[in-house]
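Asks: Build me a structure from this.
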Amino acid sequence: MHTSKTVRNLLAPTLLGLAIFAGNAQAAAPLHPPQGYLAAVDKFKTGDGGEGCPAMPQPYTQSLQFRSKYEGSDKARSTFNADSDKAFRDATADITSMERGTSKLVMQYMRDGRPEQLDCALNWLTAWAQADALMSKDFNHTGKSMRKWALGSMSSAYLRLKFSDSHPLATHQQQAQQIEAWFSKVADQVVSDWDNLPMDKTNNHSYWAAWSVMSASVATNRRDLFDWSVKEFKIGANQIDAQGFLPNELKRRQRALAYHNYALPPLAMIASFAQANGVDLRQENNSALKRLGDRVLAGVDDSDQFQQKNGQKQDMTDLKVDSKFAWLEPWCSLYSCGPDVLARKYKMEPFKSFRLGGDVTKVYDPAHEKKGS
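Replies: Residues are numbered from 1 along each chain as shown. Here you go, the predicted structure:
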């Protein structure tokens, strides 16, 4: 009669083989986004009535050296500088217009199904791809931040087109290939920009970089990019302490709570995309993502807990903006949100965030998407 240890040893090679087979099968499966991205176009309108194609923002191929809105601030990076913020916004206007415009065009196409809306979005993206935009190697921290934000905005809007059951890209394969090849190059650069940072420099920017790479990984079906994003998520999740605080965001003094909230959208989106592809990150570091969300929601109700933690009265300005809570959509798809959280979510819906690809509520909670719009 075999002892349990002997049985375990006998089974080990078989189990190992199964694990390798399962891993290879998962690696071979095409990457895909959460179910909501497969939605068909709402309706197909014909004839006049469209808004036409807006002027395309000039493809940005210059240096990515930009001033920061916190220029002149100390290491807490929490004191706003209006002059440098204006300089930053002026210099990055084409990039931001491209982010917002692509998201808007895709949302309009998914709503109306007008061919000119689709053509406009794809022509914009193709022109930026052909120009090799956003690929400058001359960049500072603010510049590489803009690169990863833009990649996340554009690639996550594009996912609505790539995976829609209406198959809008079926007759635009050449453009799709050019766009995806460009996303792939930008994503490689984003990985280079943000990989292997020291822990005291790993904060919300790293999470947003990881979200942009996750979105691009699904758009381009690149498992290596997907794996990098998951790795970065785990680093972020393991920064969340037992009380749900992020030490590097607590350093932001009066903006600590706002930056905790800002860390949630990319982390929640990564976990949602990972789950759609068979990787469950919900339990990482004892359900750290759930803990962070709970801490932020409690902080919005009573910010004194953040003041007690870092000694600073919290600036609540950003937390009065409903769209800043778009993370509730993927978060409540990952965890069971209680009636009070759901009531809060429903009150703020629909959530639209161009950095998350547009109408987040339509993707995660379509029953509530049209409320208030």
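
Asks: what ranges of this structure fall below the confidence cut-off?
Replies: 1-27, 47-50, 69-81, 370-373 (pLDDT under 70).

Asks: ok, 80 please
Replies: For the chain, the stretches flagged by pLDDT under 80 are 1-28, 46-51, 68-85, 369-373.

Asks: Now do the strands in the chain.
Replies: In the chain, the strands defined using DSSP state E lie at 352-353, 358-359.

Asks: Show me what the first one packs onto, helices and strands only.
Replies: Of the remaining helices and strands, those touching strand 352-353 by 3 or more C-beta pairs under 8 Å, 6 or more residues apart in numbering; DSSP states H and E are helix 360-364. To be clear about C-beta, it is placed using only N, CA and C from the backbone, and glycine gets the same treatment.

Asks: helices or strands up against the helix it packs on?
Replies: helix 328-334, strand 352-353.

Asks: between the strands of the chain, which gets nearest to residue 123?
Replies: Of all these, it is strand 358-359 that lies closest to residue 123, at 18.1 Å by C-beta to C-beta.

Asks: Contacts for that closest one next, please.
Replies: Defining contact as C-beta atoms under 8 Å, 6 or more residues apart in numbering, one finds that strand 358-359 is touched by 103-104, 106-107, 110, 156-157, 160, 350-352, 369.

Asks: Which one (most neighbours) among those residues?
Replies: residue 156 (31 neighbours; other C-beta atoms under 10 Å).

Asks: Going along the chain, name the helices of the stretch 201-350 of the chain.
Replies: With DSSP state H, counting those that start in this stretch, the ranges of helices along the stretch 201-350 of the chain come out as 204-220, 223-237, 247-250, 256-276, 284-301, 304-310, 328-334, 339-348.

Asks: how about these, which one is nearest residue 322?
Replies: helix 339-348 (4.0 Å).

Asks: hmm, who's touching that closest one?
Replies: By C-beta under 8 Å, 6+ apart, helix 339-348 touches 297, 322, 325, 328-329, 332, 337, 365, 368, 371.

Asks: Kindly recompute the last result at 6 Å.
Replies: 322, 325, 328 (C-beta atoms under 6 Å, 6 or more residues apart in numbering).

Asks: can you give me the helices for the stretch 1-150 of the chain?
Replies: Using DSSP H, counting those that start in this stretch, helices in the stretch 1-150 of the chain cover 4-28, 82-91, 93-112, 115-130, 141-163.

Asks: highest average neighbour count across those?
Replies: Compared across the helices of the stretch 1-150 of the chain, helix 141-163 shows the largest average neighbour count, a mean of 24 (mean count of other C-beta atoms under 10 Å).

Asks: what's the angle from it to helix 256-276?
Replies: When axes from the mean of the first three to the mean of the last three C-alpha atoms, to 10 degrees is applied, the directions of helix 141-163 and helix 256-276 differ by 40 degrees.

Asks: oh, and call the first residue 297 from now on, that's how I've got it
Replies: Done: numbering now begins at 297, and the last item shifts to helix 437-459.

Asks: Dump the C-alpha coordinates for stretch 643-661 into CSV.
Replies: This file holds the C-alpha atoms of stretch 643-661, laid out as CSV (Å, rounded to 0.1, in the frame of the first residue of the first chain):
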residue,chain,number,x,y,z
LYS,A,643,-26.0,57.7,-8.7
MET,A,644,-22.8,58.6,-10.6
GLU,A,645,-23.4,56.6,-13.8
PRO,A,646,-22.9,56.6,-16.7
PHE,A,647,-19.1,56.7,-16.3
LYS,A,648,-17.2,58.0,-19.3
SER,A,649,-13.4,58.1,-19.1
PHE,A,650,-11.3,58.6,-22.3
ARG,A,651,-8.3,57.1,-20.5
LEU,A,652,-10.2,53.9,-20.1
GLY,A,653,-11.5,53.9,-23.7
GLY,A,654,-14.7,55.8,-23.4
ASP,A,655,-18.0,54.7,-22.0
VAL,A,656,-17.0,52.4,-19.2
THR,A,657,-20.6,51.8,-18.0
LYS,A,658,-21.7,50.6,-21.4
VAL,A,659,-19.0,47.9,-21.2
TYR,A,660,-19.5,46.8,-17.6
ASP,A,661,-23.1,47.7,-16.7
